[in-house]
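Trainee: Structure for the following, please:
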Amino acid sequence: MNLPWQITFLILILTGFNLKAQFFPELEGANLEEAIVAEFKPNFVEMYTPARVILYGDIYNINDTVHTLYSGHTLYLPPTEEYPIQFLAMDARPDGINAEHIYPRSKGARPENGNAFSDMHNLAPSRWEVNEARSNFAFAEVLDTDTDRWYYKDMVLNNANSLSNEEIKLYSEVDDLGDNFGFFEPREAVKGDVARSVFYFYTMYRDEAMSADPNFFDDMKEDLCTWHMDDPVDELESYRNDRKALYQDNKVNPFIADCSLANRLYCPDNPPNCKDFSTSTEEIVLNINEDEFDPKIKILPNPNNGIFKLDISNIKPGIFSLLIFDISGKKLYDITEELDYFNTINMWNVQDGLYILHLINHHSGRKYSNTFEVIK
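Mentor: Numbering: from 1, shown residues only. Model prediction:
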């Protein structure tokens, strides 16, 4: 099946831009790991206080509401609040929000370990009580019969007798065995997010992790590999990855950007192709309705000379992140600002070729995509 280039590239966008992105496919083992660290480990990360302000005010903030990772608990944050960290903490009350180190402080993310402490790829907002319950426990699948407490939004249950099997999936679970030992299972919707954050930290800060506890990662690895496959990257996780990178040398978490990376480095028993990859463009075409090839944003004219109008009149003006990539995956344009119905984009200095444009709603995380060609 021969497809027009516009359709072919739009297919890549609809099925995940990372369909074509596999980092260092010629490498494996230690050589692959060394290349990933050299390419993606940031030299600069924010200090812990400004990092938390960014997490609360930007990355995990939707419509002035901060969303937590483990339980989906939310709190309104006034956009003019001068001290967001203190405001959200609510004097350390159970429903307050603080910052969770997904790979725990005591397992390598200590303040004395420099960037490992405040790297935002390892941080996320958490309901205070859930953060305390997780402690430094390893992630694992927890049997319901072993669960001591279930957490969802601002609720905590001591048993799940009233919940259906589907409702239980909304809850994070803790098995507290005492003496600062136990296991924590995140809710189903974010298990992959958690796994990819752990893969990132262990890869970038291996010495710190091994020095603190040489067995911690290996004890979790099997479950993390399963979670990575069962909960693939979605638009919101990808959006947050890009936003965090803006504050950290433009270095993304590569385990989000390339879904095969975890399998190649840590999960050899996983199928070689992960869920946001596909082996056949024709197969994708057969399984996607043609209506999906009609994006709501327009690029006028198309082709153009690098200067064009972005027409978003079919959606709604607002604050958007606008990202443009060439077909090799190199990011050429990245702004976040309020856009009107018609917006002039000036890329006069780019070469002839095909380009991919992503427009991401700053509040909802919803992504719109289109392609365009530059001919001079």
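Trainee: can you give me the helices for the stretch 1-150 of the chain?
Mentor: Using DSSP state H, counting those that start in this stretch, the helices found in the stretch 1-150 of the chain span residues 5-14, 29-40, 48-54, 84-89, 115-118, 128-134.
Trainee: which residues touch the nearest residue to residue 127 once chain neighbours are set aside?
Mentor: Among residues not flanking residue 127 along the chain, residue 73 sits closest, at 4.0 Å (CB to CB, 6 or more residues apart in numbering). (C-beta placed from N, C-alpha, C; glycine too.) Contacts for residue 73 (CB atoms under 8 Å, 6 or more residues apart in numbering) come out as 95, 97, 127, 130, 153-154.
Trainee: now do residue 170
Mentor: 72, 152, 187-189.
Trainee: Let me have those residues in TSV, extended by neighbour count and distance to residue 143.
Mentor: TSV is the format used below for these (neighbours: other CB atoms under 10 Å; distance: CB to CB, whole Å):
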residue	neighbour count	distance to residue 143
72	18	22
152	21	18
187	21	16
188	16	15
189	13	20
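Trainee: where in this protein is pLDDT low?
Mentor: 1-21, 272-295, 328, 363-365 (pLDDT under 70).
Trainee: Look at the residue nearest the centre of it and give its secondary structure.
Mentor: Central residue of the chain (CA atoms, centre = their mean): residue 237, 2.8 Å from the mean position. Counting by DSSP: H, G, I helix; E, B strand; the rest coil, the backbone at residue 237 sits in helix.
Trainee: Now tabulate the helices of the stretch 1-150 of the chain in TSV and tack on mean neighbour count.
Mentor: Formatted as TSV, these follow (neighbours: other CB atoms under 10 Å):
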stretch	mean neighbour count
helix 5-14	17
helix 29-40	14
helix 48-54	16
helix 84-89	17
helix 115-118	21
helix 128-134	21
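Trainee: how about the ones you listed, which one is nearest residue 204?
Mentor: helix 29-40 (6.2 Å; CB to CB).
Trainee: Counting by contacts, list what that closest one packs against.
Mentor: helix 191-204, helix 254-257, helix 260-265 (3 or more CB pairs under 8 Å, 6 or more residues apart in numbering; DSSP states H and E).
Trainee: Could you dump the ones you listed into a markdown table and include distance to residue 177?
Mentor: Output for these, formatted as a markdown table (distance: least, CB to CB, whole Å):
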| stretch | distance to residue 177 |
| --- | --- |
| helix 191-204 | 20 |
| helix 254-257 | 29 |
| helix 260-265 | 28 |
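Trainee: which ones are touching the closest residue in space to residue 92 that isn't next to it in sequence?
Mentor: Of all residues not flanking residue 92 in the chain, residue 128 sits nearest, at 6.1 Å (CB to CB, 6+ apart). Residue 128 makes contact with 89-90, 92-98 under the criterion CB under 8 Å, 6+ apart.
Trainee: What is the helix or strand where residue 332 lies packed up against?
Mentor: Per DSSP states H and E: residue 332 is located in strand 331-339. Judged by 3+ CB pairs under 8 Å, 6+ apart, strand 331-339 is in contact with strand 318-326.
Trainee: neighbours of residue 223, just the number please.
Mentor: 19 (other CB atoms under 10 Å).
Trainee: how far does the helix or strand it falls within sit from the chain's center?
Mentor: Using DSSP H and E, residue 223 sits within helix 216-230. With CA atoms, centre = their mean, to the nearest Å as the basis, helix 216-230 stands 17 Å off its chain's centre.
Trainee: Quick check: which helices or strands does that helix pack against?
Mentor: Using 3+ CB pairs under 8 Å, 6+ apart, helix 216-230 is in contact with strand 138-139, helix 191-204, helix 260-265.
Trainee: Now tabulate these in JSON lines and tack on mean neighbour count and distance to residue 28.
Mentor: Formatted as JSON lines, those follow (neighbours: other CB atoms under 10 Å; distance: least, CB to CB, whole Å):
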{"stretch": "strand 138-139", "mean neighbour count": "21", "distance to residue 28": "26"}
{"stretch": "helix 191-204", "mean neighbour count": "25", "distance to residue 28": "14"}
{"stretch": "helix 260-265", "mean neighbour count": "22", "distance to residue 28": "6"}
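Trainee: closest one to residue 23 among these?
Mentor: Per CB to CB, nearest to residue 23 of the helices and strands packed on helix 216-230: helix 260-265, 6.2 Å.
Trainee: So which elements touch that closest one?
Mentor: Right, helix 260-265 is packed against helix 29-40, helix 191-204, helix 216-230, helix 254-257 by 3+ CB pairs under 8 Å, 6+ apart.
Trainee: Can I get that helix in PDB? Just the C-alpha atoms.
Mentor: Listed in PDB are the C-alpha atoms of helix 260-265, where the atom choice follows Å, rounded to 0.1, in the frame of the first residue of the first chain:
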ATOM      1  CA  SER A 260      12.000  -0.300  23.700                       C
ATOM      2  CA  LEU A 261      14.800   1.000  25.900                       C
ATOM      3  CA  ALA A 262      13.600  -0.600  29.200                       C
ATOM      4  CA  ASN A 263      13.200  -3.900  27.400                       C
ATOM      5  CA  ARG A 264      16.700  -3.700  25.900                       C
ATOM      6  CA  LEU A 265      18.400  -2.700  29.200                       C
END
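Trainee: just how off-centre is that helix within its chain?
Mentor: Counting by CA atoms, centre = their mean, helix 260-265 comes out at 16 Å from the chain centroid.
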